[in-house]
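Novice: coords please:
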Amino acid sequence: MMEGVEEWAGAFEAAGFRNAIRAEMLPEGMEPEDIRYATLRWNVSDQPGYGAIGPSVVDPRTGEIMDADILFEANMILGDKEEYREMVEPRTAIDEIYNVSAEEVAMSSRNELASFYTEMGMQLDMVKGILMARGQLKPGEPVPKEFTDQALRWVTMHEVGHTLGLRHNFRSSVDTPLDKLYDTDFTAENGVFSSAMDYPTVNLSPEGESNDGHYYNTSVGSYDRWVISYGYTPDDDDAADIARMAAQPGHAYGTDEDARGSGAVDPLVNVYDLGEDPLAWGKGRAAILRDLIPEVPEIALGDNMPYYEATDLFNTYFFQYVRALGPTVKYIGGQY
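Specialist: Sure, this is the predicted structure:
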């Protein structure tokens, strides 16, 4: 998580600010509420209302960000099976994706929706289920540490981005060609998506591909570096020149109002999708899950494993199947 914080230092260095951000343990005796310290805390709650939030204190006169205190919930990684069982009914699942109130959209750039931690838990369970189906993981074994490391690193970058003044960017996934998603060399240099401010799904290759790429971004993307240069460049003329680069590859942008709610009609602006063609990607991910659903008992039930493991895995596959097909709705009467 400290590495996720310091990934933003590279974006600031590209903008001309060296050593702008560093992560250290809070000095002994200091309190997180001390405004001299921007903090990152790990919480364990019985009934969490969020996955991770990145609130900050802003001077209304100047827009200067004075302080930030990021909170992470353990349940973001542990998952909340009771809630996703409730959401697995098809209509409810679709409502969860699209029927977001205007108030939720307005708040979501600073306060991640409560469903976020559930989604991360579901993605973890999907990774486990697919790896078990491919014989790379046995029932009851934990998900690979590489997955949780990359997930925590990305979420940290995402929340730090909010405290730096960045909104969500749900279009950044289209900057990555589909045939490069599973190319580790490409994703190491360019990321799975071009902005840490996206809401991605986990990057898993179809069976038979030789390379999985990265599960999530391990560094900030091209959009992030560009927008930090724009936002923090003190000279107005220089900032205007940077703004003119908006149409360049790697700078795709679409935020909350473009992705969710009744006015969100652009097929290229979505949550939890990957690649330059959301329709093709969604069909591919749905096909993987559709083939696995009939095999759930065989996959989930090893020696002495309880039957509810099969129920949980079915719920995971089915909900992620709905997620994968979510972007296809906008191709019916949508508008770029």
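Novice: just the pLDDT at residue 134, thanks.
Specialist: pLDDT, residue 134: 86.
Novice: what about it, how many residues nearby?
Specialist: 13 (other Cβ atoms under 10 Å). Backbone N, C-alpha and C define where each C-beta goes, glycine included.
Novice: how much space separates it from residue 127?
Specialist: 11 Å (Cβ to Cβ, to the nearest Å).
Novice: next: residue 252.
Specialist: Residue 252 is 26 Å from residue 127, where distance means Cβ to Cβ.
Novice: ok, the two, which is more surrounded?
Specialist: Taking other Cβ under 10 Å, residue 252 and residue 127 do not tie; residue 252 has more neighbours (25 against 20).
Novice: ok, that one - contacts?
Specialist: 169, 171, 172, 174, 175, 194, 223, 268 (Cβ atoms under 8 Å, 6 or more residues apart in numbering).
Novice: distance check, it against residue 227.
Specialist: Distance from residue 252 to residue 227, by Cβ to Cβ: 11 Å.
Novice: rewinding a little: turn the contacts of residue 252 into TSV, columns for pLDDT, secondary structure and distance to residue 148.
Specialist: Output for those, formatted as TSV (pLDDT from 0 to 100; DSSP: H, G, I helix; E, B strand; the rest coil; distance: Cβ to Cβ, whole Å):
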residue	pLDDT	secondary structure	distance to residue 148
169	97	coil	24
171	97	coil	27
172	97	helix	22
174	97	helix	27
175	97	helix	25
194	97	coil	23
223	97	helix	25
268	96	coil	30
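Novice: backbone dihedrals for residue 41, both of them.
Specialist: Backbone torsions for residue 41, taken as degrees, to the nearest 10, come to phi -130, psi 150.
Novice: now it. Nearest residue, chain neighbours left out?
Specialist: residue 71 (5.5 Å; Cβ to Cβ, 6 or more residues apart in numbering).
Novice: mind checking the SS state of the one you found?
Specialist: Following DSSP: H, G, I helix; E, B strand; the rest coil, we place residue 71 in the strand state.
Novice: cool, residue 66 as well?
Specialist: strand.
Novice: separation between it and residue 59?
Specialist: Where residue 59 is concerned, residue 66 sits at a distance of 6 Å (Cβ to Cβ).
Novice: where does pLDDT dip in the stretch 101-250 of the chain?
Specialist: By pLDDT under 70, the low-scoring segments of the stretch 101-250 of the chain are 101-117, 207-212.
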